[in-house]
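Peer 1: have a look; sequence and predicted model below, questions after that.
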Amino acid sequence: MPKSTGKKGKQESEGKGSLYEKLESSKRAGIPKYAEPSTAEIGILGPSLRDIAAFLRQLSVLLDAGIPLLRSLRIMSVRSHHSKLKKVANDVADNVERGKTLSASLEEFPRIFPPLVINVVKTGEVSGTLESSLRRLAELMEKKAELKQKIISASIYPILVLCVALVVVILILTMAIPRFESIYSQQGIQLPTPTRVVLALSHFIIGAWFVYIPLIIVLIILYLVFRRTPTGRIIIDKIKLKVPIYGNINTKVAVARFSRTLGTLLSSGVPLLEGVSVSANTSDNVHVRKALFNVYDTLEKGGKMEDPLRESNVFPQFVIDMIAIGDEAGTLDNMLFKIADTYDSDVDATLRGLTSIMEPFLIVILGCVVAFIALAILLPYFNMVKVV
């Protein structure tokens, strides 16, 4: 991979103070900015990982069957399941017909085809193994989509239960409790503490909506703005890796994605230095990206991958040891695939275990909330019976 800058570029990059600036100076490593808007972007809602994987796999099958690239792209422009991918395939076919390479044509759609795809396709074109390169990319995209779907599926149940519970409690406090309050006031009895707490909460929800609803909206907006700042990205991404339970899952997901991405690049013939730079660019956590930038700098100076990985305190020691062994044995790509498979299985098992634990936990919590509200409603009646 050609070096984009010399010593002067390195010094300027290292001189930048914040982590965000260091990440955004990634052009020193020849890394294109994946987040830059594309003038060739075709719409707002782009295709999913599964859509892109299907597109790449079908294109691979057509090429493997001996159909020329231009004809294959024309077929994809008609047969693709996603409307935007149909337009992309047609535009890419037009570029190829004008003499552009497939990788250069795909590069015009950075929001659909990330640098990972471009680099693997470019290597496949040079080595004459475009069909197998596309197939590896499709497998990688499918694995990423599968892992993402597992995380979403494990999150849906607790979020859905909490939302339903919150709606039910709000309805009780705003509709049922005021009716019971009128009954209590007619009887003129002294209310117990749980009942007074529930009534106060009901008064707050009904009478102070103009305070807490704008406050919630403001807090959400502040969070979204803070998340886009350099400091916000650093803090939030750090929390994602360190928060109990979910931090462990996020770390495993980051390791699995990095390992499978770099393994796919190496097995496709992409040089290690270029593979690390692309893997850094495709990571969505700034601390993982920083660790990979350091790996790139170390490799560029002739060092080994394991040293900056150990210093990062991001990757588990088990992973670093396996990478070191694979690097020494010359089987780094196979070792990375083994790491990815291992951590994919770990994430799956952890998510299933977490779901099975959270189900009874949420039931107990909801039972306690309902029992407290029911007790608060019924206690005044018990006192009335005692008086009578």
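Peer 2: Yep, it's here.
Peer 1: show me where the stretch 1-150 of the chain dips below the pLDDT cut-off.
Peer 2: Judged against pLDDT under 70, the low-scoring parts of the stretch 1-150 of the chain cover residues 1-45.
Peer 1: could you spell out which stretches of the protein belong to which domain?
Peer 2: Residue ranges for the domains of the chain, per automatic domain parsing: 1-30, 35-142, 144-388.
Peer 1: so which of the ones you listed is the most packed in?
Peer 2: Each of the domains of the chain was given a mean neighbour count from mean count of other Cβ atoms under 10 Å, and the largest, a mean of 18, is that of domain 35-142. In short, each C-beta sits where N, CA and C put it, glycine included.
Peer 1: give me the longest helix you can find in this protein.
Peer 2: Selection of the longest helix in the chain by residue count, based on DSSP state H, yields helix 332-387.
Peer 1: so which elements touch it?
Peer 2: With contacts defined as 3 or more Cβ pairs under 8 Å, 6 or more residues apart in numbering; DSSP states H and E, the secondary structure elements packing on helix 332-387 are helix 130-171, helix 177-187, helix 193-207, helix 246-267, helix 317-329.
Peer 1: which of those helices has the lowest average pLDDT?
Peer 2: If the helices and strands packed on helix 332-387 are sorted by mean pLDDT, helix 177-187 sits at the bottom with a mean of 81.
Peer 1: between that one and helix 130-171, how big is the angle?
Peer 2: Angle, helix 177-187 to helix 130-171, by axes from the mean of the first three to the mean of the last three Cα atoms, to 10 degrees: 10 degrees.
Peer 1: L351 and A154 touch, don't they?
Peer 2: Yes: when contacts are counted by Cβ atoms under 8 Å, L351 is listed as touching A154 (4.0 Å).
Peer 1: skipping adjacent residues, who's closest to D348 in space?
Peer 2: Of all residues not flanking D348 in the chain, K150 sits nearest, at 5.9 Å (Cβ to Cβ, 6 or more residues apart in numbering).
Peer 1: any idea how far R228 is from V218?
Peer 2: 16 Å (Cβ to Cβ, to the nearest Å).
Peer 1: quick check: closest non-adjacent residue to R227.
Peer 2: Counting by Cβ to Cβ, 6+ apart, the nearest residue to R227 once its immediate chain neighbours are dropped is I236, at 5.6 Å.
Peer 1: for the one you found, helix, strand, or coil?
Peer 2: helix (DSSP: H, G, I helix; E, B strand; the rest coil).
Peer 1: hmm, it is touching T229, no?
Peer 2: No: judged on Cβ under 8 Å, I236 makes no contact with T229 at a distance of 9.8 Å.
Peer 1: which residues sit against the helix or strand V92 falls within?
Peer 2: Using DSSP states H and E, V92 maps to helix 83-97. Helix 83-97 is contacted by residues 40, 42-43, 45-47, 51-52, 55, 69-70, 73-74, 76-78, 80, 102, 104-106, 108-109, 112 when judged by Cβ atoms under 8 Å, 6 or more residues apart in numbering.
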